[in-house]
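>>> How does the following fold in three dimensions:
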Amino acid sequence: MLQRFKDYILQQHLFSPGEEVLLAVSGGRDSVCMAHLFHQAGFPFSIAHCNFHLRGDDSDHDEAFVRRLAADYGVPCHVAQFDTRAVAAATGESIEEAARRLRYEYFASLLTSLSPTSLSPKIVATAHHRDDSIETFFLNLFRGTGIAGLHGIRPISEVRMKNEELIIIRPLLPFSRADIDAFIEENHLEYVEDATNAELDARRNQIRHRLMPLLRELYPSVDATMAANIERLHDTELLYKEYIETLRSQLVKPYPSRLPLEILSLDLPQLLSFHSLSLPFTPFHSLLFELLRPYGFNASTVRDILSVLERQYPAGNNPSGQLFYSPTHVAELHRGQLLIAPDVEPAPGRHPQPGDRIRLKRGSRLLSDYLKDLGLSRIERRHVLLRVNADGFVELIADGQLGRQARDDK
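Numbers count the residues shown, from 1 in each chain. Alright, predicted model coming up:
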């Protein structure tokens, strides 16, 4: 197992020779196995342990065990303690979410203090193995995360915590839980039973203890088959992402707003004609979802957008005016395009209100009609700045192209 371990690190370029790695060690068999392999391989490492105080005295026993383990190896041991339940109650997170966030925030701050220069890579090794990756595949499959969630756990990933890029490596991924158990027994290694897992992720444990035994009974080689499937799905995801980015460069362009706003325009007619797809066709939904994903739009909102398009495009209409929101952005169907902009509050000042009228060369008009005729989208109209003159009519504050248009109409 030691040689396979070293070969895997080399093949996956997990870290450079001589580079010190911070090991996340809970004291359970997986992390103890990882620490012992690092020790046997002669790789420089230190240990970090998080005491989440979820199991009373047992949590403190785990911490004491990890401290002794680090002392036995003669390596530094860094420990953080958290009142995880109180944090979760305060933030509204689940205990699992809070524990994960606290863990990686601690690793990021610890590594920043140990390697303060930005040139030093901040590398943490976790003890995820092949069985964990397969369980993650099924969790994501049932949650409906799409192709991005079906590649299981990757050997290397990056997590941004507290404005620091944290590199997470998983040197045990080629090994099964049975491989690790055998290694622990052969090397007579002590460990603690990590009962926290059962509390943190009940669904994962259902997959581990009920689904996987059934699948192994039906398909004895399911573990090896799933590991191979996950790798193929990862390769497929890379090709898919490249295709999506090619589409993005062709279809998503800056929108020439008359206001100083950063708006993007997604060319829906071009997307439809480019693929010769009818709107109900499932791949169109997937493509639109992927194009909108970076702006926070979820699959449900994409379905809402498509339902409007399906009702109006067959009739030859260009749907306009409807707004769709993500946590960070707003999208609008406007004259056959889908406009996308950050959902920010308008600048301080007077903005359009129902009933506002504007005086023009010939009489006056409702401001809302006037702005529509200028071709302004709803996203733009809410950012228009106004002032009210002595006659009670509104005037556009001269700013950029829209201001010039207002002066020409007077």
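>>> Looks to me like His234 is in a strand.
No. Counting by DSSP: H, G, I helix; E, B strand; the rest coil, His234 falls outside a strand, being helix.
>>> For the spatially closest residue to it that is not a sequence neighbour, grab phi and psi.
Among residues not flanking His234 along the chain, His151 sits closest, at 4.0 Å (C-beta to C-beta, 6 or more residues apart in numbering). All C-beta spots, glycine's among them, are computed from the backbone N, C-alpha and C. Main-chain torsions, His151, degrees, to the nearest 10: phi -90, psi 10.
>>> Now do His151: how many residues are near it, please.
His151 has 21 neighbouring residues, counting by other C-beta atoms under 10 Å.
>>> With Glu158 instead?
Residues near Glu158, counting by other C-beta under 10 Å, number 9.
>>> Tell me which helix or strand it sits in.
Per DSSP states H and E: Glu158 is located in strand 156-161.
>>> Contacts for that strand next, please.
If you take C-beta atoms under 8 Å, 6 or more residues apart in numbering as the criterion, strand 156-161 is touched by 12-14, 101, 104-105, 107-108, 165-170.
>>> Where does the prediction get shaky in the stretch 1-150 of the chain?
Counting by pLDDT under 70, the ranges of the stretch 1-150 of the chain that qualify are 116-121, 144-146, 148-149.
>>> Now with 80, please.
Across the stretch 1-150 of the chain, residues meeting the criterion (pLDDT under 80) sit at 114-121, 143-150.
>>> all helices for it, in order.
Taking DSSP state H, counting those that start in this stretch, the helices of the stretch 1-150 of the chain run over residues 2-12, 29-41, 57-73, 84-91, 95-114, 130-143.
>>> Make JSON lines from the ones you listed and add mean neighbour count to it.
What follows is these, written out as JSON lines (neighbours: other C-beta atoms under 10 Å):
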{"stretch": "helix 2-12", "mean neighbour count": "14"}
{"stretch": "helix 29-41", "mean neighbour count": "21"}
{"stretch": "helix 57-73", "mean neighbour count": "17"}
{"stretch": "helix 84-91", "mean neighbour count": "14"}
{"stretch": "helix 95-114", "mean neighbour count": "18"}
{"stretch": "helix 130-143", "mean neighbour count": "19"}
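>>> Can I get the ones you listed in CSV including distance to Arg378?
Converted to CSV, these look like this (distance: least, C-beta to C-beta, whole Å):
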stretch, distance to Arg378
helix 2-12, 49
helix 29-41, 53
helix 57-73, 53
helix 84-91, 34
helix 95-114, 35
helix 130-143, 33
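>>> Of all the ones you listed, which one comes closest to Asp373?
helix 130-143 (46.5 Å; C-beta to C-beta).
>>> what's next to that closest one, contact-wise?
149-153, 173-177, 203-204, 207-208, 211-212, 223, 226-227, 230.
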